[in-house]
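**Q** Fold the following for me, if possible:
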Amino acid sequence: FMSGVMLCFVAPFKPGEVIRTTDGAVEGIVEDIGWYMTKMRGFDYRPTHIPNALFVDKQVTNVSRVSHRRCLHTFGIRYADVDKIESILNDLRAKLPGLPKVDVTKGFRVFFVGYGPYSLNIEVLVPFMEPDYFLFLECQENVLKEIARVVQEHGASLAYPTTVFKMDPRLETGNGGDTPRSSSEETDEFERRMMGS
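**A** This is a model prediction of the structure:
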């Protein structure tokens, strides 16, 4: 009962708002707040009744009251494009802040962050002044398209997993010969060696 009273006076959330606990156990839209239970509807549209005492013991994030969302993305370019990385970084730092709703005062950054197994990794963090999740997805999409455009403009390519095999030339040409040998030729040579021994 006291938990319900606390929720009414403190009002960390109200009907119609989206909330979630930090452990992910509770997430959805608040429909009604009672003295003992809070009725919520999950994103799968299932109604759920949560004991109010749970909100006293757990940290709750009111997603509907956020003012900003951020796009944090790491991508890689090929090692063959190492000479272009500086110009790509500078171009992204110049162009990404010009996208709609970007708020550079909330931690905007673009950095070369490491050497991967097959790529030179660049991290971008772009904060948006956009609380609505679906509108934020449009903003994030603009960032990803701009990254691809900048990389392409500099004649570079995004990296993908690559495996390189190096063959022994002697195996390819038959003990240093000019042309590859067939399996039958190798078999004949083996037989001659055996007869000669």
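
**Q** which residues are in contact with stretch 149-160?
**A** 75-81, 84, 87-88, 91-92, 95, 116, 118-120, 148 (Cβ atoms under 8 Å, 6 or more residues apart in numbering). C-beta coordinates here come from the backbone N, C-alpha and C atoms, glycine included.

**Q** Which residues does the helix or strand hosting residue 72 contact?
**A** Residue 72 belongs to strand 69-77 when assigned by DSSP states H and E. Contact partners of strand 69-77, identified using Cβ under 8 Å, 6+ apart, comprise 84-85, 88, 106-107, 113, 116, 118-128, 130-131, 133, 136, 139-140, 143-144, 147, 151, 156-159.

**Q** Restricted to helices, list those.
**A** Residues of these located in helices (DSSP state H): 85, 88, 133, 136, 139, 140, 143, 144, 147, 151.

**Q** Quick one: the strands in this structure, in order.
**A** Using DSSP state E, the strands of the chain run over 18-21, 27-33, 37-41, 47-51, 60-62, 69-77, 109-115, 120-128.

**Q** and of these, who's closest to residue 102?
**A** Closest to residue 102 of the strands of the chain is strand 120-128 (Cβ to Cβ; 5.9 Å).

**Q** List of residues touching the closest one?
**A** Outside strand 120-128, the residues that reach it (Cβ under 8 Å, 6+ apart) are 68-79, 81-82, 85, 88-89, 92, 96, 99, 101-104, 106-115, 136, 139-140, 143, 147, 159.

**Q** hmm, which of the residues you listed are the buried ones?
**A** Buried members of the contacts of strand 120-128, scored by 16 or more other Cβ atoms under 10 Å, are 69-71, 75-78, 81, 85, 88-89, 92, 96, 101-103, 108, 110, 136, 139-140, 143, 147, 159.

**Q** what residue is smack in the middle of this structure?
**A** residue 73 (5.1 Å; Cα atoms, centre = their mean).

**Q** now this structure, which segments are flagged as low pLDDT?
**A** Applying pLDDT under 70 to the chain flags residues 1-10, 168, 170-197.

**Q** let's go with 80 and repeat that
**A** Where the chain drops to pLDDT under 80, the residues are 1-12, 24-25, 55-57, 162-197.
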